[in-house]
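Participant: the following comprises the amino acid sequence and a computationally predicted model.
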Amino acid sequence: ADKDLSSWEDRVRRWNLQREGGGAAAGGDLGMQAIDALLDQVAYMCQLVQRYREFMAASCPGVDVDNAHLRRWQELAASYVSLEDTYLQAACGAALQETQALELQDGVFVLAAAEDCFFILQKVVERSLSTFSEMTALAVANRACEMLDRSTGTLFHRAADEANFARLVPLGA
């Protein structure tokens, strides 16, 4: 059952819907770290498939690297993009709930949510690049840009709200 990516996709979607609704995680022990580890593994599998396709294309010019058998592996990339999108939404959504500030330098504060979202977006894009698939990387990068746009808007609105800005408390205070 662990190797069935469609069931993993369903579990992750149910977990995210349950999490957004404020209920307990529907996936049992499924959480951000479990999804992150799953994504690392699926990205690596995508990388291996892409490397194999490139090897076959270079070493066996007459072989159809887009044959029906290898086309089934494209489903792996589609599953990866879907899982990564769910992770991106959940992780950035959780990060944007953070109201504390980080002091980067003396007297220079930044919202912890901004820092967290930056690192999440960076991780997601780097992981998608590790698949060696242009289409996969572009799909994930597009979703990351959409999330960056949405996150930036949320953070600007929060910073502009003086009542909310006054509630910012440096971490550890």
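Facilitator: Yes, it's here. Numbers count the residues shown, from 1 in each chain.

Participant: so which strand or helix has residue 115?
Facilitator: helix 112-129 (DSSP states H and E).

Participant: what helices or strands is whichever helix or strand comes after that helix leaning on?
Facilitator: Following helix 112-129 in sequence order, the next helix or strand is helix 134-160 (DSSP H and E). The contact analysis (3 or more Cβ pairs under 8 Å, 6 or more residues apart in numbering; DSSP states H and E) places helix 134-160 against helix 74-95, strand 108-111, helix 112-129, helix 162-166. Every C-beta, even on glycine, is put in place using the N, C-alpha and C of the backbone.

Participant: same thing but at 10 Å, please
Facilitator: Where contact means 3 or more Cβ pairs under 10 Å, 6 or more residues apart in numbering; DSSP states H and E, helix 134-160 is packed against helix 32-59, helix 74-95, strand 108-111, helix 112-129, helix 162-166.

Participant: go through the helix holding residue 115 and flag the buried ones.
Facilitator: 112-114, 116-117, 120-121, 123-125, 127-129 (16 or more other Cβ atoms under 10 Å).

Participant: farthest pair within these?
Facilitator: Pairwise distances across the buried residues of helix 112-129 peak at 26.1 Å for 112 and 129 (criterion: Cβ to Cβ).

Participant: that older thread, turn the helices and strands packed on helix 134-160 into TSV, columns for mean pLDDT and distance to residue 155.
Facilitator: TSV is the format used below for the helices and strands packed on helix 134-160 (pLDDT from 0 to 100; distance: least, Cβ to Cβ, whole Å):
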stretch	mean pLDDT	distance to residue 155
helix 32-59	89	20
helix 74-95	89	10
strand 108-111	81	6
helix 112-129	93	5
helix 162-166	47	11
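
Participant: for these, give me TSV that also has distance to residue 151.
Facilitator: Shown next, in TSV, are the helices and strands packed on helix 134-160 (distance: least, Cβ to Cβ, whole Å):
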stretch	distance to residue 151
helix 32-59	17
helix 74-95	6
strand 108-111	10
helix 112-129	5
helix 162-166	16
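
Participant: ok, which of those comes nearest residue 146?
Facilitator: Going by Cβ to Cβ, the one of the helices and strands packed on helix 134-160 nearest residue 146 is helix 74-95, 9.2 Å.

Participant: after the closest one, next one along is what?
Facilitator: Downstream of helix 74-95 (by DSSP H and E), the next one is strand 101-105.

Participant: mind listing what the residue positioned nearest the centre of the chain touches?
Facilitator: The centre of the chain sits closest to residue 88, judged by Cα atoms, centre = their mean, with a distance of 3.4 Å. Neighbouring residues of residue 88 by Cβ atoms under 10 Å, 6 or more residues apart in numbering: 39, 117, 120-121, 123-125, 140, 143-144, 146-147.
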